[in-house]
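Asks: based on what follows, work out the 3D shape:
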Amino acid sequence: MQPRRKAIRAGIFFIVLLIVSGVVLMYRGNDAVFLATQKKDGILTAEQVKLSFDSVGGRLINENVREGQEISAGQVVMQLDSTDTDLAIEKLRAQIAQIDAQIQSTTGNMNLSHFRADNDEKQSFRQIDSQRGALSAAQATLSNAELDYKRKSELFKDGAIAKSMLDDAITALNVAKANVETQQQLLDRLLAGISDTGATDSLNLPTIQQERATAENIRNDIAALTQQKRFLEVQLKELEVAKSRLTLHAPEDGKILSVLQKQGEMVSPNVPVILLETRRIYYDIYLSEEQAVNLREGDEIFCKTVADNKKIRGTIRLLTQAPGFADLKQSREKSQADLSAFQVRIYIDANENVLAGQTVTVSF
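Replies: Predicted coordinates for the structure are as follows:
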């Protein structure tokens, strides 16, 4: 009987101990569910960037980096062959120089045409003035011939002169009239159909206007050449930009994870050639809506690394509803969540010295 009593007493003792432990755990909150709500673990993750040649391709002639190498922003990491681009740039520069020569030549022709028009106008004005003088002289001769004819007609009527003298006066009168008509026709030809106002400098001669219009039309040729030059200059800038893109620079500090193209290979435009691990490090934690309601994007959060218990400061950049797998689903109908989970993405300050892949813990 004695062993049996001892066994019963031991069983009762263990049952009481189990009950007391359960009560203590329930009130102190040290059970697994409670601990899961008080501490959240996350893994530090570094953002990765795929580097590629922007809209250009060619043969890779220079591979300046290797896997695991630390690089700085602006550092040259790869370079493509620029022979074809260099030849195209030289060709365009020669074409632009040729257009410049054409513009200068055409501009000289335009200026020369304007000079000729001005010179022709001055000569025409001098000829008009000279022809006016010749017309005035012819008109004066005609007046004298008319007076001589009238005088000799009276004398012939009185029988004072012979008939031959009157015939000479008639001939001289006719010659003077013909000379006046000839000089007038020459003046009209010089005026080219415009009215003679008597002010030579104010005359707009059609022939001179035509010469100036022809000279001014050359300006359109110059404008066309100028536009053609601008088009070539735009093409030149495009080629120069394309040439600059043949050299790939690191966009930021980081570490080379993988070199996807090797020296001598043909690289296609916009195809990744390097996988870069940046210095931007973050971790994600998932919180219940009761915990997430007190947080805001931009808030600071401190965590500790599991490996060395180092305290790290971070900033919340993303606070959003988590995917459905993180929700707590128990009793609601149609698979609705009893409690919604929220995803919190926290970025580590750049000054913190941590490694991607470390586990961190956030206490609430």
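Asks: contacts only, for the residue nearest to Arg219 when sequence neighbours are not counted.
Replies: Take Arg219 and drop its neighbours on the chain: the residue closest to it by CB to CB, 6 or more residues apart in numbering is Met110, 6.2 Å away. From N, CA and C alone the C-beta is placed, and that goes for glycine too. Going by CB atoms under 8 Å, 6 or more residues apart in numbering, Met110 touches 215-216, 218-219, 222.
Asks: please apply the same query to Ile316.
Replies: 295-301, 344-346.
Asks: convert the C-alpha atoms of the helix or strand containing it to CSV, please.
Replies: Taking DSSP states H and E as the definition, Ile316 sits inside strand 311-321. Extracted C-alpha coordinates of strand 311-321, given in CSV (Å, rounded to 0.1, in the frame of the first residue of the first chain):
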residue,chain,number,x,y,z
LYS,A,311,20.5,48.3,-31.8
ILE,A,312,19.6,49.7,-35.3
ARG,A,313,17.4,52.6,-36.2
GLY,A,314,15.1,52.5,-39.2
THR,A,315,12.3,54.4,-40.9
ILE,A,316,8.9,53.1,-42.0
ARG,A,317,8.5,53.7,-45.7
LEU,A,318,5.6,51.4,-46.4
LEU,A,319,2.6,50.5,-44.3
THR,A,320,-0.1,48.6,-46.2
GLN,A,321,-2.4,45.7,-45.9
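Asks: right, and Val77 touches His249 too?
Replies: Yes - at 6.9 Å, Val77 counts as touching His249 under the criterion of CB atoms under 8 Å.
Asks: quick one: classify the residue nearest to Arg219 as helix, strand or coil.
Replies: helix (DSSP: H, G, I helix; E, B strand; the rest coil).
Asks: any idea how far Glu211 is from it?
Replies: Distance, Met110 to Glu211, using CB to CB, to the nearest Å: 12 Å.
Asks: likewise Gln48?
Replies: Distance, Gln48 to Glu211, by CB to CB: 73 Å.
Asks: quick one, which of those two is more surrounded?
Replies: Glu211 (19 against 14; other CB atoms under 10 Å).
Asks: got a pLDDT number for the more buried one?
Replies: What the model reports for Glu211 is a pLDDT of 89.
Asks: that one touches Ala117, doesn't it?
Replies: Yes - counting by CB under 8 Å, Ala117 is a contact partner of Glu211 at 3.9 Å.
Asks: domain-wise, how is the chain divided?
Replies: For the chain, the structural domains run 37-81+251-363, 86-241, going by automatic domain parsing.
Asks: dump the ones you listed into CSV; add distance to Ile8 as well.
Replies: Shown next, in CSV, are these (distance: least, CB to CB, whole Å):
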stretch, distance to Ile8
domain 37-81+251-363, 40
domain 86-241, 92
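Asks: of the ones you listed, give the one that comes closest to Leu18.
Replies: Nearest to Leu18, of all these, is domain 37-81+251-363, at 24.3 Å by CB to CB.
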